[in-house]
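Peer 1: Here is my input, please return the structure:
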Amino acid sequence: MAKIHFKRTLHPVGQGAFFTEQFFSSEEDPCIFCVVYDCGSLSRNICLDKYIDSVFHTKSHIDLLFISHFDADHINGIQFILNNRPHLMDCNTKVIIPFKYAKVLSALEGIGAYSNIAILIKLMMKINVQIIGIDDIDLFEGTKAEKKILSVESLKSGVIYNGTILSVNLEDFRWDYVPFIIKRNRSNYLDKFKDELKKIGNNLDDLLNDDYIMCHFNDIREAGIRAGTGNTINMHSLQLISVCLNSTLKMEAHGICITGQYDDEEDKWTERKNECSLLSSCLYTGDTNLKSVYYYAAELLFAREQLEDLSHNCQLGMMQIPHHGSQYNYPSKLANDCMVLSAFVNYEPNYRKQIFDENINTSFGMVPKLLFKVMNCSQSEFVATL
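Peer 2: Sure, this is the predicted structure:
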């Protein structure tokens, strides 16, 4: 295996999300391949542009971008990049979006919560970014042929199947990314939007054609308006498995975490800087809802299958606690799940809505299991290297 250096960074942007995975040919050389999962923040004391500039330099480039969903705190940094750091994204950038007819979303500007992604899609189309939607077939119904392995380099604008393995190949070194969506029983805005699009009277797959979209732009927009305001935006979150092929190699990691020590005087679990070794595998969950035992079980079952096939180890080095640690999205079994070796949560402690559920500290502290806390101070940045 070639000596490729890898760096995973969970950036402390408070109420938002910005995670990067970078590959280097040596510790001194510039990044040769860069993967981003979400980029945005609503925290007032965060200068997101400074974090972006600390990662990307004048010769940097975003090669692969995953957008979990379309809330502003997950994507407003991407709009900043497109408007102010245009060298970072171009026709060689691949963007994975959790909707099969991704470019159709460009017609939704000014329509509820989907206006932000509409603006982004338009900006990306102007510079010919490769925009790839996901056909959200049921993860457990699609065939293995449908979910084949694709090299990231070969990706072009279009559609990939739910759960397709995207492979980054650097010399003899391979790293895999598996984007997927857990389908919900309850319909969301995008389901309603698709139903309205069918009423236009043509095959839905015509919507994969750029010329067709332009010719029927007003009809598509009217379908978006009829579908409603789009207030179920989190339900369609794109999740992502990141793992090194055939490897049980461990990464050296450091960050602020709950370590199982309780401070009686302060009446809270102790948080401190911790250094440790972790398996390379990571599961990013965005703002998905895993409160339901059924959906949590489906999520971990799919992740286990992928990890066994790709890394021959069914355990996750770390997993993101969904939706900034909200009690309405947190799976209560997570802290005690032996498949998940550690977890992280990204949030701002004093955000106006106080999303993070402090009981999560107790559930991890009692086990004990490492819970890394990526907040809105530079000291809480999480970094893992291989």
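Peer 1: Just the helices from the protein, written as ranges.
Peer 2: Using DSSP state H, the helices found in the chain span residues 48-55, 72-84, 115-126, 189-198, 210-215, 217-226, 293-310, 359-365.
Peer 1: will you turn those helices into a markdown table that also has mean pLDDT?
Peer 2: As requested, the helices of the chain are exported to a markdown table (pLDDT from 0 to 100):
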| stretch | mean pLDDT |
| --- | --- |
| helix 48-55 | 92 |
| helix 72-84 | 96 |
| helix 115-126 | 95 |
| helix 189-198 | 86 |
| helix 210-215 | 92 |
| helix 217-226 | 92 |
| helix 293-310 | 91 |
| helix 359-365 | 94 |
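Peer 1: Can you lay out those helices as CSV showing mean neighbour count?
Peer 2: Every C-beta, even on glycine, is put in place using the N, C-alpha and C of the backbone. Output for the helices of the chain, formatted as CSV (neighbours: other C-beta atoms under 10 Å):
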stretch, mean neighbour count
helix 48-55, 17
helix 72-84, 20
helix 115-126, 20
helix 189-198, 19
helix 210-215, 13
helix 217-226, 17
helix 293-310, 17
helix 359-365, 19
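Peer 1: Just put those helices in a markdown table and tack on distance to Cys244.
Peer 2: Formatted as a markdown table, the helices of the chain follow (distance: least, C-beta to C-beta, whole Å):
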| stretch | distance to Cys244 |
| --- | --- |
| helix 48-55 | 21 |
| helix 72-84 | 26 |
| helix 115-126 | 29 |
| helix 189-198 | 32 |
| helix 210-215 | 36 |
| helix 217-226 | 40 |
| helix 293-310 | 8 |
| helix 359-365 | 25 |
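Peer 1: Please determine how far Asp195 is located from Arg352.
Peer 2: 35 Å (C-beta to C-beta, to the nearest Å).
Peer 1: before we move on, the earlier item: tell me which of the helices of the chain sits nearest to Cys39.
Peer 2: helix 72-84 (3.5 Å; C-beta to C-beta).
Peer 1: Going by residue numbers, what spans are strands in the stretch 201-350 of the chain?
Peer 2: When assigned using DSSP state E, counting those that start in this stretch, the strands of the stretch 201-350 of the chain occupy the ranges 239-244, 250-263, 268-279, 282-284, 318-320, 342-346.
Peer 1: who does the fifth one pair up with?
Peer 2: I take that to be strand 318-320. For strand 318-320, the paired strands and their directions (DSSP bridges) are strand 282-284 (parallel), strand 342-346 (parallel).
Peer 1: I'd like those laid out as CSV, including mean pLDDT, distance to Phe66 and mean neighbour count.
Peer 2: Formatted as CSV, the strands paired with strand 318-320 follow (pLDDT from 0 to 100; distance: least, C-beta to C-beta, whole Å; neighbours: other C-beta atoms under 10 Å):
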stretch, mean pLDDT, distance to Phe66, mean neighbour count
strand 282-284, 97, 8, 25
strand 342-346, 97, 15, 25
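Peer 1: would you list those strands in TSV and tack on distance to Glu27?
Peer 2: As requested, the strands paired with strand 318-320 are exported to TSV (distance: least, C-beta to C-beta, whole Å):
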stretch	distance to Glu27
strand 282-284	21
strand 342-346	24
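Peer 1: Which among those strands is found nearest to Ile67?
Peer 2: strand 282-284 (11.4 Å).
Peer 1: Pull the residues that contact that closest one.
Peer 2: Outside strand 282-284, the residues that touch it by C-beta atoms under 8 Å, 6 or more residues apart in numbering are 8, 19, 37, 66, 68, 239-243, 299, 303, 316-320, 340.
Peer 1: Could you do stretch 360-369 as well?
Peer 2: 258-262, 268-269, 321, 325, 330, 332, 334-336, 340-343, 345, 370-371.
Peer 1: So which other helices or strands are in contact with the least confident helix or strand in the chain by mean pLDDT?
Peer 2: Across the helices and strands of the chain, mean pLDDT, DSSP states H and E gives its lowest value to helix 189-198, namely a mean of 86. Judged by 3 or more C-beta pairs under 8 Å, 6 or more residues apart in numbering; DSSP states H and E, the packing partners of helix 189-198 are helix 217-226.
Peer 1: Low-confidence bits of the protein, can you list those?
Peer 2: By pLDDT under 70, the low-scoring segments of the chain are 1-2, 58, 141-147, 185-187, 201-202, 229-235.
Peer 1: Compute the number of surrounding residues for Glu266.
Peer 2: A count of nearby residues for Glu266, using other C-beta atoms under 10 Å, gives 8.
Peer 1: and it, what does it touch?
Peer 2: Applying C-beta under 8 Å, 6+ apart to Glu266 gives no contacts.
Peer 1: how far away is it from Gly260?
Peer 2: When Glu266 is compared with Gly260 (using C-beta to C-beta), they lie 15 Å apart.
Peer 1: can you check His5 too?
Peer 2: 31 Å.
Peer 1: hmm, what's the outermost residue in this structure?
Peer 2: Most distant residue from the mean C-alpha position of the chain: Glu265, 38.0 Å away (C-alpha atoms, centre = their mean).
Peer 1: Counting neighbours, what do you get for Gly158?
Peer 2: 13.
Peer 1: Actually, Gly286.
Peer 2: Gly286, neighbours per other C-beta under 10 Å, totals 25.
Peer 1: so it sits right up against His74, yeah?
Peer 2: Yes: counting by C-beta atoms under 8 Å, Gly286 does reach His74; the two are 7.1 Å apart.
Peer 1: All set, thanks.
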